[in-house]
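A.B. asks: here you go, sequence then predicted model.
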Amino acid sequence: MVQQTESIWFDGKLVPWDEAQVHVLTHTLHYGMGVFEGIRSYKCANGGSSVFRLKEHVDRMLGSAKILRMEIPYSSEQLVDAIIETLMANKMDEGYIRPLSFIGCGAMGVHPGDNPVQTIIATWPWGAYLGDGALEKGIRVKTSSFTRHHVNVMMTKAKVSGNYVNSVLAKMEAVQDGYDEALMLDAQGYVSEASGENIFIVRGNLIKTTPLTSILEGLTRASLITLARDLGYEVVEQQFTRDEVYVADEAFFCGTAAELTPIREVDNRVIGEGKAGPIAIKLQQEFFKIVKGENLAYESWLHRYSL
């Protein structure tokens with residue numbers, strides 16, 4: 001359950017949580033034409049806080065809106081400032097951040113006409129996305145019966161609200177079948193991503209991740225590619241099949257919410273030793289040092305603030 005905080009930023013001003021409401025005829029509620037981001041802030045070792053890759057997240061959201069031909073009436077700088085303002089108002093030294101832009105009331109029908117584009121920013125406390133213990137023990141995964149979007153069916157480089165119906169169906173199926181998460185294949189049958197995370201596998205000393213075809217350009221994914229290469233690992237962006245995942249030495253998901261979550265089993269096949277492998281553990285340790293401000297070599301990835 002989302003833990004309620006004091007305020008939500010709504011079209012330029014902070015309003016009480018319970019007053020951040022929209023009409024039932026809001027266009028995006030009916031047709032899914034909205035863009036959003038998931039962002040995290042972390043408590044840092046020096047006593048302050050930082051938001052991980054804040055500007056990049058905001059710029060990706062504006063890029064998603066451009067793809068959809070939505071004109072968000074705020075600049076990147078204004079949205080960055082609004083996110084910090086919301087965190088400060090809610091007295092949050094760490095937590096989850098959800099900016100969302102959507103098409104409001106007006107014309108009803110597939111074409112949104114001149115309906116206004118509205119924007120909210122909400123923040124709340126959030127722990128491990130895939131459950132307590134997932135970061136240490138790993139999770140069980142099922143290959144979904146639902147195919148990830150083809151690149152000419154939906155705009156796969158945009159983080160669009162309506163795209164996530166595909167994810168919801170895959171996630172529901174996996175959970176109802178007793179698994180923690182779904183592994184999704186693309187329209188050609190290659191591994192794509194999870195319902196809300198990118199995937200990496202390890203074979204020997206080689207780390208593989210899906211290329212930017214059917215997947216969202218994950219910022220955690222990009223960060224881990226850079227980090228792994230800086231640590232001396234070879235990383236390739238290359239298509240692979242689900243049976244290659246079965247015989248991988250390690251596999252893990254990554255994303256803002258999931259951070260770096262090891263995979264211990266896929267389709268009832270144990271991956272590696274059935275727990276977080278040494279490369280996943282190393283990357284996880286170094287990633288958390290970065291987001292908590294303990295590795296100043298990656299300071300440019302952090303947006304610092306103090307309550």
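C.D. replies: Now that the structure is in, tell me what you want to look at. Numbers count the residues shown, from 1 in each chain.
A.B. asks: buried residues in stretch 221-228?
C.D. replies: For stretch 221-228, a neighbour-count test (16 or more other Cβ atoms under 10 Å) marks 221, 222, 223, 224, 225, 227, 228 as buried. Every residue, glycine included, has its C-beta placed from N, CA and C.
A.B. asks: and it, how far out from the chain's middle?
C.D. replies: 15 Å (Cα atoms, centre = their mean, to the nearest Å).
A.B. asks: could you dump it to PDB, C-alpha only?
C.D. replies: What follows is stretch 221-228, C-alpha atoms only, in PDB (Å, rounded to 0.1, in the frame of the first residue of the first chain):
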ATOM      1  CA  ARG A 221      20.400  -0.200 -16.700                       C
ATOM      2  CA  ALA A 222      22.600   2.500 -18.200                       C
ATOM      3  CA  SER A 223      24.200   3.200 -14.800                       C
ATOM      4  CA  LEU A 224      25.000  -0.500 -14.200                       C
ATOM      5  CA  ILE A 225      26.500  -0.900 -17.700                       C
ATOM      6  CA  THR A 226      28.900   2.000 -16.900                       C
ATOM      7  CA  LEU A 227      29.600   0.800 -13.400                       C
ATOM      8  CA  ALA A 228      30.300  -2.800 -14.500                       C
END
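A.B. asks: now do the strands in the stretch 1-150 of the chain.
C.D. replies: Using DSSP state E, counting those that start in this stretch, the strands assigned to the stretch 1-150 of the chain run over residues 7-10, 13-16, 34-36, 39-43, 49-52, 95-103, 117-124, 139-143.
A.B. asks: make CSV from those and add mean pLDDT, distance to residue 61 and mean neighbour count to it.
C.D. replies: Formatted as CSV, these follow (pLDDT from 0 to 100; distance: least, Cβ to Cβ, whole Å; neighbours: other Cβ atoms under 10 Å):
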stretch, mean pLDDT, distance to residue 61, mean neighbour count
strand 7-10, 98, 14, 22
strand 13-16, 98, 19, 13
strand 34-36, 98, 6, 24
strand 39-43, 97, 9, 21
strand 49-52, 98, 14, 24
strand 95-103, 98, 6, 22
strand 117-124, 98, 9, 21
strand 139-143, 97, 28, 21
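A.B. asks: out of those, nearest to residue 185?
C.D. replies: strand 139-143 (6.8 Å; Cβ to Cβ).
A.B. asks: re earlier: quick one: the strands of the stretch 1-150 of the chain as a markdown table, columns for distance to residue 171 too.
C.D. replies: As requested, these are exported to a markdown table (distance: least, Cβ to Cβ, whole Å):
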| stretch | distance to residue 171 |
| --- | --- |
| strand 7-10 | 25 |
| strand 13-16 | 31 |
| strand 34-36 | 17 |
| strand 39-43 | 20 |
| strand 49-52 | 24 |
| strand 95-103 | 18 |
| strand 117-124 | 20 |
| strand 139-143 | 10 |
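A.B. asks: of all the ones you listed, which one is nearest residue 255?
C.D. replies: Closest among the strands of the stretch 1-150 of the chain, once you apply Cβ to Cβ, is strand 39-43, at 10.0 Å.
A.B. asks: strand partners (parallel or antiparallel) of the closest one?
C.D. replies: Its sheet considered, strand 39-43 pairs with strand 49-52 (antiparallel), strand 95-103 (antiparallel) by DSSP bridges.
A.B. asks: off-centre distance for the longest one?
C.D. replies: Spelled out, it's strand 95-103. Computed by Cα atoms, centre = their mean, the separation of strand 95-103 from the middle of its chain amounts to 12 Å.
A.B. asks: try the first one
C.D. replies: What separates the centre of strand 49-52 from the centre of its chain is 16 Å, taken as Cα atoms, centre = their mean.
A.B. asks: export it as CSV, just CAs?
C.D. replies: This file holds the C-alpha atoms of strand 49-52, laid out as CSV (Å, rounded to 0.1, in the frame of the first residue of the first chain):
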residue,chain,number,x,y,z
SER,A,49,20.0,13.2,0.8
SER,A,50,20.3,12.7,-2.9
VAL,A,51,17.9,12.0,-5.8
PHE,A,52,19.5,9.5,-8.2
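A.B. asks: touching it from outside, list them.
C.D. replies: Outside strand 49-52, the residues within contact range by Cβ atoms under 8 Å, 6 or more residues apart in numbering are 39-44, 83-84, 87, 92-94, 97, 256, 290-293, 301-307.
A.B. asks: residue ranges with poor pLDDT in the protein?
C.D. replies: 129, 131-132 (pLDDT under 70).
A.B. asks: what about the residue located most distally from the centre of it, distance to residue 199?
C.D. replies: Going by Cα atoms, centre = their mean, the residue of the chain most distant from its centre is residue 107, 31.2 Å out. Here residue 107 is placed at a distance of 40 Å from residue 199 (Cβ to Cβ, to the nearest Å).
A.B. asks: quick one: closest of the strands of the stretch 1-150 of the chain to residue 58.
C.D. replies: strand 95-103 (7.3 Å).
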